[in-house]
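Asks: Sequence and predicted structure are below.
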Amino acid sequence: MTGANKGIGFAIAERILEEADDTFVFLGSRDPDKGAAAVESLRQGGAGRTGRVQTVELDVASDESVGRAAQKVREACVREKLYGIVNNAGIGFGSNDLGNVLNVNTRGVQRVCATILPLLADGGRIVNVTSAAGPNFVATCNREKRTFFTRPDVTWDEIERLMEECIAIANDADAFSSRGLGDGSAYGLSKACANAYTLHLAREYPQFVINACTPGFIATDLTRQYVEGRGKPPEELGMRSPRDGANSAIFLLFGKPVGSGHYYGSDAKRSPMDRYRAPGSPPHADN
Ligand SMILES: NC(=O)c1ccc[n+]([C@@H]2O[C@H](COP(=O)([O-])OP(=O)(O)OC[C@H]3O[C@@H](n4cnc5c(N)ncnc54)[C@H](OP(=O)(O)O)[C@@H]3O)[C@@H](O)[C@H]2O)c1
């Protein structure tokens with residue numbers, strides 16, 4: 001899994017080890033020292049975890065790094081294939097740096113899937129940790145773009161072209177608006193594109209169970225600045241813990257999601273990709 005040295009990724013790794021005792025976790029971290037520290041912390045957390053987790057240096061923004069990580073996993077899995085891939089690494093809540101945000105949050109997911117997918121066993125799970133910022137962004141788009149982001153036949157090439165178009169007009173709110181791309185939020189756009197990529201991937205690989213989810217609004221380093229700006233404790237802002245934030249990913253890994261190519265809310269219920277669905281409200285039936 002990617003971006004697992006802290007935050008929600010670390011919590012997902014911990015819960016995988018706790019809830020399925022026949023698992024082995026390749027804990028992706030772009031910084032090897034942070035990865036080693038996370039593995040040490042997991043090992044200290046329970047004797048049963050010793051020998052079931054190892055760190056893999058993995059920067060999702062780099063083709064070379066993803067290639068090296070895939071090779072390391074391939075060498076470690078000579079007799080077995082992977083059960084699942086969790087694309088969790090993410091940046092840019094509140095950022096204007098569209099190129100970087102897309103390179104990690106969208107292209108990073110595609111880079112990892114394209115490279116590591118051959119190592120996945122048939123029936124294996126792919127979980128893309130996206131965000132409610134994706135549907136929220138799509139809700140601000142015009143009808144044509146809303147259709148684009150939810151079309152079952154959307155292709156990665158089309159998503160790439162849209163991302164290039166957006167990078168060319170980055171930080172020009174009027175240009176976004178005149179193209180029907182709503183509020184132009186870099187983070188929201190990146191997550192909407194990652195959800196759309198989930199549609200593409202699920203269609204291309206029917207032998208796997210491929211879904212996206214939001215963890216919910218979670219107190220981590222990603223949201224720290226937002227919390228500090230509000231001057232209130234995270235609980236008062238309705239935020240939950242990283243362990244709670246792992247719920248939907250754990251369901252998509254080990255539960256029984258119906259079908260593939262869907263997006264789930266933080267309550268592990270299906271949600272639309274083009275508008276917000278509050279946890280606890282009726283699940284979405286169709287995209
Ligand atoms: N927190 C929320 O409320 C919330 C809400 C919706 C969605 N999400 C999504 O949940 C996921 C996890 O976020 P979080 O809240 O746990 O944030 P976080 O605490 O900041 O953790 C992000 C993780 O991603 C890693 N990462 C960043 N860039 C990377 C790269 N290029 N290659 C590999 N790893 C990279 C970070 O590594 P470093 O330690 O090296 O920086 C870290 O391990 C993200 O996809 C985020 O968008 C979070």
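Replies: Arrived safely, thanks for sending.

Asks: Get me the contact residues on this structure for the ligand.
Replies: Counting by Cβ under 6 Å from any ligand atom, the positions of the chain adjacent to the ligand are 2-3, 5-9, 30-31, 34, 58-61, 88-91, 104, 129, 131, 214-215, 217-218, 220-223. Backbone N, C-alpha and C define where each C-beta goes, glycine included.

Asks: Now the buried members of the residues you listed.
Replies: 2-3, 5-9, 30, 34, 58-61, 88-91, 104, 129, 131, 214-215, 217-218, 220, 222-223 (16 or more other Cβ atoms under 10 Å).

Asks: Now do the helices in the stretch 1-150 of the chain.
Replies: Per DSSP state H, counting those that start in this stretch, the stretch 1-150 of the chain carries helices over the ranges 7-19, 32-44, 63-76, 98-105, 107-116, 133-139, 143-150.

Asks: which one of those helices lies closest to residue 233?
Replies: Counting by Cβ to Cβ, residue 233 lies closest to helix 7-19 out of the helices of the stretch 1-150 of the chain; the figure is 17.7 Å.

Asks: Can you give me the buried ones in the closest one?
Replies: For helix 7-19, by 16+ other Cβ under 10 Å, it's 7-18.

Asks: Just give me the closest of the residues you listed to the ligand.
Replies: residue 7 (2.4 Å; Cβ to the nearest ligand atom).

Asks: pretty sure that closest one is touching residue 222, no?
Replies: Yes: look at residue 7 against residue 222 with Cβ atoms under 8 Å: they come within range, at 6.6 Å.

Asks: beta partners for the residue nearest to the spatial centre of the chain?
Replies: In the chain, the centroid-proximal residue (Cα atoms, centre = their mean) is residue 129; its distance is 2.2 Å. Counting by DSSP bridges, residue 129 is bridged to residue 213.

Asks: Rebuild the helices of the stretch 1-150 of the chain as TSV, extending it with mean pLDDT.
Replies: Shown next, in TSV, are the helices of the stretch 1-150 of the chain (pLDDT from 0 to 100):
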stretch	mean pLDDT
helix 7-19	97
helix 32-44	96
helix 63-76	97
helix 98-105	98
helix 107-116	98
helix 133-139	98
helix 143-150	98
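
Asks: could the ones you listed be laid out in a markdown table, adding distance to residue 249?
Replies: Listed next are the helices of the stretch 1-150 of the chain as a markdown table, based on distance: least, Cβ to Cβ, whole Å:
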| stretch | distance to residue 249 |
| --- | --- |
| helix 7-19 | 5 |
| helix 32-44 | 16 |
| helix 63-76 | 19 |
| helix 98-105 | 16 |
| helix 107-116 | 13 |
| helix 133-139 | 15 |
| helix 143-150 | 21 |
